[in-house]
Every structure is written in structure tokens, then in C-alpha cells.
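*Asks:* got a sequence here, can you model it:
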Amino acid sequence: WILPCFSPARATHVAIGMSAKGITVKDVNSHEFVSSYAAHLKKQGKIQLPELVDLVKTGPFKELAPYNEDWFYVRCASLARRLYIRQGTGVGGFAKVYGDKKRRGTLPGHFCKASRGIVRQCLIQLENIGVVQKMAKGGGRCVTVQGRQDCDRIATEIYGSKQ
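*Replies:* Sure thing, here's the model as predicted:
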């Protein structure tokens, strides 16, 4: 049997029972990838955490800071994954993506953007370690060749552990 490998847009075919080549971020579960890549970023030790990382909220719609101590690494990994999938997104676009409904008591809830400062700091840290770079035309950011290789390597490890 020959089945298309995860995406009908790609022309790669994998025979059942054989190992697949060319596994990308799009081929693995997003939650597993983000948690694995966040652990990789933490293990590297190159990302500098902001001073108030344990006190700051991720947006005005939140009441408390995140409970996860590694939330900054998780946000950086999530941003890297989203840039891998859709290049050219900037700080404002990510603020919309990570935004949520603000509860206003008895009034109806309204959409509120996430903190742009946190998104900006994450992107700056990813630029410093060479995963992301600013685009020359049109603004926004894109994943570098090194960042794409890192993401694909982690995706291949996740895919290999599932087999």
C-alpha cells in the first residue's frame, strides 16, 4: 500500500512500514512540538528571560501571571512554530493571534489583544539565537535556515518516537 504522507499538497509518498524522510513541523502534533521545542530552548540556555517574567501577565484580559514557570520558553517555541508555518507575521499579528476575550463583569465580553511587549521580547530572543530574522520587504519576521533545521530536527525526533 502507498499512502500520501500527511499532506495532499506534497508529492511525497511513503510505503506503509517504511521510515519517512522529510518530516517537517506540519507533520507532527502542534502541542507535542511546542513542548519539545520549549524544552530544547531551555536546555540550550541561550534565551535570556525578562526581569519580571514571574510577575507579568500575558495580556490585559488575564487576571494572573501564568502558572507554568517555563511559559516564556513555551511562548517562544509557539512563535517559532507559527513563523515556520506562516512567514511574514509581525508583532501586531501575533498580538491578535494570542489575544482572547476580556471579561468585563456583567457587561458582554470583548476581544482584547495580547501583550505586544511579551511577543516582541520573545521575537528578539529568537533573533539573538539565530532562529528568526526580520524580513527585508514588508516587515514581519521569518525563520532562518538554522531555525528551520532545528524545527525539522525536533519534528523528526517526535515523529520517530511515535513509530
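
*Asks:* point out where the chain drops to low pLDDT.
*Replies:* In the predicted model, the chain carries pLDDT under 70 at residues 1-20.

*Asks:* which residues in it form strands?
*Replies:* Secondary structure of the chain (DSSP state E): strands at 2-4, 13-15, 100-104, 107-112, 132-134, 141-143.

*Asks:* return the most buried member of the ones you listed.
*Replies:* Ranked by average neighbour count under the criterion mean count of other CB atoms under 10 Å, the strands of the chain are headed by strand 141-143 at a mean of 21. Bear in mind the C-beta positions are built from the backbone N, C-alpha and C, glycine included.

*Asks:* what strands flank it, and is each parallel or antiparallel?
*Replies:* Strands adjacent to strand 141-143 in the sheet, as given by DSSP bridges, are strand 132-134 (antiparallel).

*Asks:* list of residues touching the strand it pairs with?
*Replies:* For strand 132-134, the surrounding residues in contact (CB atoms under 8 Å, 6 or more residues apart in numbering) are 79, 80, 83, 123, 126, 127, 140, 141, 142, 143, 144, 147.

*Asks:* by neighbour count, which of the residues you listed wins?
*Replies:* Ranked by neighbour count under the definition other CB atoms under 10 Å, the contacts of strand 132-134 are headed by residue 80 with 28 neighbours.

*Asks:* could I get the contacts of strand 132-134 in TSV, plus columns for distance to residue 59?
*Replies:* Below are the contacts of strand 132-134 laid out as TSV (distance: CB to CB, whole Å):
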residue	distance to residue 59
79	15
80	20
83	20
123	16
126	20
127	22
140	21
141	20
142	25
143	24
144	28
147	25
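
*Asks:* out of those residues, which comes closest to residue 93?
*Replies:* Ranking the contacts of strand 132-134 by separation from residue 93, with CB to CB as the measure, puts residue 140 on top at 7.4 Å.

*Asks:* ranges for the helices of the protein?
*Replies:* Taking DSSP state H as the test, the helices found in the chain are 30-44, 71-85, 91-97, 116-128, 145-162.

*Asks:* residues in a beta bridge with residue 132, which ones?
*Replies:* Taking DSSP bridges as the rule, residue 132 bridges to residue 143.

*Asks:* please consider this matter closed, and thank you.
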